[in-house]
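Undergrad: only geometry, no sequence info:
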């Protein structure tokens, strides 16, 4: 997992190893900018549309409807990661860059 984070967040390598967890925690607190908010909202709408029509739950009854709901949920999770993940990574990168910039300037 740490290698994946370092590959996705190259600025994380510029922090000493003992400070990386704290830097990542602070980067997670970075507020979303307009592009990220719009992108995430669009991603949520897209995932909702895709899962809404993947299984027509209206036509199901009883236990098959409950099974369909869980199947839609299982389909939605990877779609959410694909649609929303890039915006989360962008925010983390922006937060790490801001922390590095603060460190560099006295």
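TA: The structure has been received and is ready for your questions. The shown structure was predicted, so the numbers you read here are calculated from the model rather than taken from an experiment.

Undergrad: Sticking with residue 102, tell me its helix or strand.
TA: Secondary structure assigned from DSSP states H and E places residue 102 in helix 63-104.

Undergrad: mind checking how far the most centrally placed residue in the chain is from residue 48?
TA: Centre of the chain computed as the mean C-alpha position; nearest residue by Cα atoms, centre = their mean is residue 85, 3.1 Å away. Note on residue 85: its distance to residue 48, by Cβ to Cβ, to the nearest Å, is 17 Å. Yep, even glycine has a C-beta here, placed from its N, CA and C like the rest.

Undergrad: shaky segments in the protein?
TA: Applying pLDDT under 70 to the chain flags the ranges 1, 54-63, 106.

Undergrad: Next, residue 30: secondary structure please.
TA: Secondary structure, DSSP: H, G, I helix; E, B strand; the rest coil: residue 30 is coil.

Undergrad: ok, how many other residues are close to residue 14?
TA: 15 (other Cβ atoms under 10 Å).

Undergrad: Contact partners for it?
TA: residue 100 (Cβ atoms under 8 Å, 6 or more residues apart in numbering).

Undergrad: Give me the distance between it and residue 96.
TA: Separation of residue 14 from residue 96 (Cβ to Cβ) stands at 8 Å.

Undergrad: same thing with residue 31?
TA: According to Cβ to Cβ, residue 31 stands 14 Å off from residue 96.

Undergrad: between the two, which one's more packed in?
TA: Neighbour tally, residue 31 and residue 96, criterion other Cβ under 10 Å: the higher count belongs to residue 96, 23 against 9.

Undergrad: what about stretch 11-22, start to end distance?
TA: The straight-line separation of the ends of stretch 11-22 (Cα to Cα, to the nearest Å) is 14 Å.
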